[in-house]
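Trainee: dropping the sequence and predicted coords here.
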Amino acid sequence: MSVPDQKEVKKMTMDVPMESTDNETCREATAPEEIADVVIVGAGMVGTALACLLGEAGVKVVLVDARDALLDPETVGLGHPGMRVSALTPVSRKLLEGLGAWEWMAARRVSPYRFMQVWDAEGTGEVSFSAEQAGVARLGHIVENEVTQAALERGLKARASVRVVLGARVTGLVESADGDRCVHLADGRRLMAPLVVGADGARSPLRELAGIDVDAHETGHMAVVTTVKVERPHGDVARQAFLRTGPLAFLPLRLGGERHHCSIVWSTSPEEAERLQELTTEALGEELAAAIGHRLGGVTVVDRAVAFPLVQRHAQRYVLPGLALVGDAAHSIHPLAGQGVNLGLMDAAVLAEELLWARSRGVALSNERWLSRYARRRRGDNAGMLALMSGFRLLFGARHPALTLARNMGLGAVDRLTPLKRLMLQQAMGHRGRLPVSCR
């Protein structure tokens, strides 16, 4: 393909609440060490992974986050398990291995799952998946978000070209006369770079400053999360039951080698979420055990129950000249299939691959046509997963007897069709589309 000269790239203008936004003011207020090749706003798992990928290649990165401090790796993953977990796919594991993060994570706490069971608690339909059917040792790992985050943060120290700016709130974003982007921080600092990446979450302030609209869909659900201990060993099985009140997941955790803990994600109505949070731990444990038909025996709740709203969002654009969105800033998904972090990590891997390829060809990192290569590679996969989760949520939320019969027959048919199950397993393990080299 032909690559346009940097002069051909359209200019982007953004109004920000700052008194001075001209290029000279920006340059005068910016110390030399605050000029970079890429500024990444948001140092969560996705933003930190992107910083590590670019830093590995020597790209000068400034990673900005509102937090006051990074995690303490000496304490993460050793005590009580965190309530927020992710189901990391083998593709995500491959990426983390390449970044040097996985070995540390495995030494702390990762919980492999070799089986998945999905059933309709309102009927008889059920489908089971196994690692053996997929020809692999495991289908994925349940990992506390803090463990993944801490491992990636440790990797920042090994990337000399990455500088982390903490306690920094972004208040403005402008384009300078020479085409660079100037990020304004609340403390008066300015960060300049040809490219700014928004990795600052589902309510991304950077996305708003850039004037990028989102298609938002209120699911009407909240996710109730907690940690439990179960009477019977979970057997490395990730379980999900579709209840009348919403899907309930029991995600297997290994603590000290034992298999009696699970992370709970119960998606339900705001009223039901409030009721569940007000229950005693004993009463909540009894409801959880009954909700999955006592498949794991008694359930003991070992942490408080916390709820948060579920909203699916999809940015109408992933890129503008000199700006790109990744992770939840570009798309946030219902936790039904545990794919949110995996999609974000894939965003980071693809964007890094495209940026490094552009740099090797002498193309400006701000080049919108080249950035659009990243958008084309990721938008379809993300949109497809968002649509699939919406479809599942609507199908299993329907109360009509005919739909109940149809979905139960459908689950039974899937369970009997081995080729279809293998295809679904490949999708669930992250093997979709053209994978970046870092994930193969």
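Mentor: Yep, that arrived. Note that the structure is predicted; figures quoted are calculated from it, not measured. Numbers count the residues shown, from 1 in each chain.
Trainee: on contacts alone, who are the packing partners of the strand or helix carrying Ser128?
Mentor: Assigned by DSSP states H and E, Ser128 falls within strand 126-130. With contacts taken as 3 or more CB pairs under 8 Å, 6 or more residues apart in numbering; DSSP states H and E, strand 126-130 sits against strand 115-120, helix 401-416, helix 418-428. Every C-beta, even on glycine, is put in place using the N, C-alpha and C of the backbone.
Trainee: next, the angle from the first one to strand 126-130.
Mentor: For strand 115-120 against strand 126-130, the angle by axes from the mean of the first three to the mean of the last three CA atoms, to 10 degrees is 170 degrees.
Trainee: could you dump strand 115-120 to PDB, C-alpha only?
Mentor: C-alpha atoms of strand 115-120 as PDB (Å, rounded to 0.1, in the frame of the first residue of the first chain):
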ATOM      1  CA  PHE A 115     -13.000 -27.500  31.600                       C
ATOM      2  CA  MET A 116     -16.000 -25.200  31.100                       C
ATOM      3  CA  GLN A 117     -19.600 -26.000  32.000                       C
ATOM      4  CA  VAL A 118     -22.500 -23.700  30.800                       C
ATOM      5  CA  TRP A 119     -26.100 -24.500  31.600                       C
ATOM      6  CA  ASP A 120     -29.600 -23.100  31.600                       C
END
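Trainee: hmm, back to that, now the next helix or strand after the strand holding Ser128: buried residues?
Mentor: Sequence-wise, the next helix or strand downstream of strand 126-130 (DSSP H and E) is helix 131-134. Neighbour counts over helix 131-134 (16 or more other CB atoms under 10 Å) mark Ala131, Ala134 as buried.
Trainee: how about helix 131-134 as CSV, C-alpha atoms only?
Mentor: Extracted in CSV, the C-alpha atoms of helix 131-134 (Å, rounded to 0.1, in the frame of the first residue of the first chain):
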residue,chain,number,x,y,z
ALA,A,131,-8.9,-28.8,27.1
GLU,A,132,-8.6,-32.3,25.6
GLN,A,133,-11.2,-31.5,23.0
ALA,A,134,-9.2,-28.5,22.0
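Trainee: show me what that helix is packed up against.
Mentor: Looks like helix 131-134 contacts helix 418-428 (3+ CB pairs under 8 Å, 6+ apart).
Trainee: quick one: mean pLDDT for the helix it packs on?
Mentor: In this model, helix 418-428 carries a mean pLDDT of 71.
Trainee: partners of Val228 in the sheet?
Mentor: With DSSP bridges as the criterion, Val228 is bridged to Cys262, Val301.
Trainee: tell me where the stretch 101-250 of the chain has strands.
Mentor: With DSSP state E, counting those that start in this stretch, the ranges of strands along the stretch 101-250 of the chain come out as 111-113, 115-120, 126-130, 140-144, 162-165, 170-175, 181-185, 190-193, 195-198, 214-230, 237-243, 246-255.
Trainee: just name the most buried of those strands.
Mentor: strand 195-198 (a mean of 30; mean count of other CB atoms under 10 Å).
Trainee: that older thread, adding mean pLDDT and distance to Ala305, write the strands of the stretch 101-250 of the chain out as JSON lines.
Mentor: Converted to JSON lines, these look like this (pLDDT from 0 to 100; distance: least, CB to CB, whole Å):
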{"stretch": "strand 111-113", "mean pLDDT": "97", "distance to Ala305": "20"}
{"stretch": "strand 115-120", "mean pLDDT": "91", "distance to Ala305": "23"}
{"stretch": "strand 126-130", "mean pLDDT": "88", "distance to Ala305": "27"}
{"stretch": "strand 140-144", "mean pLDDT": "96", "distance to Ala305": "17"}
{"stretch": "strand 162-165", "mean pLDDT": "96", "distance to Ala305": "33"}
{"stretch": "strand 170-175", "mean pLDDT": "94", "distance to Ala305": "33"}
{"stretch": "strand 181-185", "mean pLDDT": "94", "distance to Ala305": "36"}
{"stretch": "strand 190-193", "mean pLDDT": "95", "distance to Ala305": "40"}
{"stretch": "strand 195-198", "mean pLDDT": "98", "distance to Ala305": "32"}
{"stretch": "strand 214-230", "mean pLDDT": "91", "distance to Ala305": "4"}
{"stretch": "strand 237-243", "mean pLDDT": "93", "distance to Ala305": "16"}
{"stretch": "strand 246-255", "mean pLDDT": "94", "distance to Ala305": "13"}
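Trainee: thinking again about what came up before, just checking: what are the partner strands of the strand holding Ser128?
Mentor: strand 115-120 (antiparallel).
Trainee: hmm, Thr245 is touching Ser269, no?
Mentor: Yes: contact criterion CB atoms under 8 Å: Thr245 and Ser269 qualify, at 6.6 Å.
Trainee: looking at these two, which one has more neighbours?
Mentor: Higher neighbour count among Thr245 and Ser269: Thr245, with 19 against 13, using other CB atoms under 10 Å.
Trainee: how near is the nearest residue to the more buried one once chain neighbours are set aside to Glu274?
Mentor: Nearest non-adjacent residue to Thr245, counting by CB to CB, 6 or more residues apart in numbering: Thr268, 4.5 Å away. Distance of Thr268 to Glu274, given as CB to CB, to the nearest Å: 10 Å.
Trainee: again, but for Leu325
Mentor: 33 Å.
Trainee: which residues in the stretch 251-400 of the chain form helices?
Mentor: Along the stretch 251-400 of the chain, the segments classed as helices by DSSP state H, counting those that start in this stretch run 270-278, 281-291, 340-360, 368-397.
Trainee: buried sites along the first one?
Mentor: Meaning helix 270-278. Buried-residue list, helix 270-278, by 16+ other CB under 10 Å: Glu272, Ala273, Leu276.
Trainee: could I get the helices of the stretch 251-400 of the chain as JSON lines with mean pLDDT and distance to Leu166?
Mentor: Converted to JSON lines, the helices of the stretch 251-400 of the chain look like this (pLDDT from 0 to 100; distance: least, CB to CB, whole Å):
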{"stretch": "helix 270-278", "mean pLDDT": "96", "distance to Leu166": "32"}
{"stretch": "helix 281-291", "mean pLDDT": "97", "distance to Leu166": "36"}
{"stretch": "helix 340-360", "mean pLDDT": "96", "distance to Leu166": "20"}
{"stretch": "helix 368-397", "mean pLDDT": "80", "distance to Leu166": "27"}
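Trainee: could you dump these to TSV with distance to Thr226?
Mentor: What follows is these, written out as TSV (distance: least, CB to CB, whole Å):
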stretch	distance to Thr226
helix 270-278	9
helix 281-291	8
helix 340-360	19
helix 368-397	21
